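>>> Please find the sequence and the predicted model below.
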Amino acid sequence: MSQKKPNDSIRCRVSSCAYHCGDAEYCSLRAIQVEPCPGCKSGSSQDESMCGSYRRA
């Protein structure tokens, strides 16, 4: 199994994602896709955006 290399440009605290780099709290992808959440129009960033690159570990 290869070691994940943290991308210090992408911070992440979602430990259930396959690309999460453990205690380092970074993503191992070179880039991510930010997606709108379907049907969310609250004006709050936490409600209206999500990481489209997420994959369950």
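Received it, and whenever you're ready, just let me know what you need.
>>> And the strands in this structure, which stretches?
Ranges of strands in the chain, per DSSP state E, are 7-11, 26-27, 34-36, 49-51.
>>> Tell me which of those sits most buried.
The highest mean neighbour count among these, using mean count of other CB atoms under 10 Å, belongs to strand 26-27: a mean of 22. For every residue, glycine as well, the C-beta is placed using N, CA and C.
>>> give me every residue that touches Y19.
K4, C12, C27, S28, L29, S53, Y54, R55 (CB atoms under 8 Å, 6 or more residues apart in numbering).
>>> Kindly provide the distance from it to R55.
7 Å (CB to CB, to the nearest Å).
>>> what do you get for S15?
13 Å.
>>> Make CSV out of the contacts of Y19 and add pLDDT and distance to S42.
CSV is the format used below for the contacts of Y19 (pLDDT from 0 to 100; distance: CB to CB, whole Å):
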residue, pLDDT, distance to S42
K4, 88, 33
C12, 95, 23
C27, 97, 25
S28, 97, 31
L29, 97, 27
S53, 96, 23
Y54, 94, 20
R55, 96, 26
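>>> Looking at neighbours, which among the residues you listed is most surrounded?
Counting neighbours by other CB atoms under 10 Å, the top entry in the contacts of Y19 is C27, with 24 neighbours.
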